[in-house]
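# Model the following, please.
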Amino acid sequence: MSSGIGRIGVDEGNSMNKIYLAGAVALFSSVAACSEQPSASREETTVPAERPEAASQDADYSASGEVTAVASETVTISHGPVPDLQWPAMTMTFQADGPDILAGVAAGDRVSFAFRQADGGYVLTSLTRN
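Purely as a prediction, here's the structure:
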């Protein structure tokens with residue numbers, strides 16, 4: 001009779017191991033799935049993914065948006081899509097091509113602007129307050 005009780009205990013142990021294993025697999029799967037989902041913070045970036053076929057060092061691109069910050073030689077703009085580069089709306093920091101471009105510009109200003117790719121970044125070539 002004791003062998004029957006022992007066998008029941010072993011069977012219950014195997015069942016519990018299977019339950020723990022199934023739970024661990026389910027937890028791992030849900031964590032992996034969550035890590036692959038895009039987050040809202042990925043929409044805002046200071047440097048978009050490189051698209052060598054779209055960006056050219058010689059081309060000027062244009063967009064419009066709202067200035068969110070101005071520093072001595074840079075401006076951060078929350079802009080709409082840039083179809084020529086296949087970019088979605090995002091927030092980016094641009095290096096000014098010259099000191100006069102940012103004169104009189106402040107956070108909150110609505111602007112139209114042009115930029116080009118240069119030295120691994122994007123340089124603002126013109127900016128007009130709307």
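
# Tell me how many other residues crowd Thr91.
As a burial measure, Thr91 scores 16 neighbours (other Cβ atoms under 10 Å). No exception for glycine: its C-beta is placed from N, CA and C like everyone else's.

# Just the element for it, please.
Element membership for Thr91 (DSSP states H and E) is strand 90-96.

# What angle do strand 90-96 and the helix or strand that that strand is followed by make with each other?
Using DSSP H and E, the next helix or strand after strand 90-96 towards the C-terminus is strand 110-118. Here strand 110-118 points in a direction 70 degrees away from that of strand 90-96 (axes from the mean of the first three to the mean of the last three Cα atoms, to 10 degrees).

# Mind checking the pLDDT average for strand 110-118?
When pLDDT is averaged over strand 110-118, the result is 96.

# Listing partners with orientation, what would you give for it?
strand 61-70 (antiparallel), strand 121-129 (antiparallel) (DSSP bridges).

# start to end distance for stretch 105-122?
Using Cα to Cα, to the nearest Å, the end-to-end distance of stretch 105-122 comes to 18 Å.
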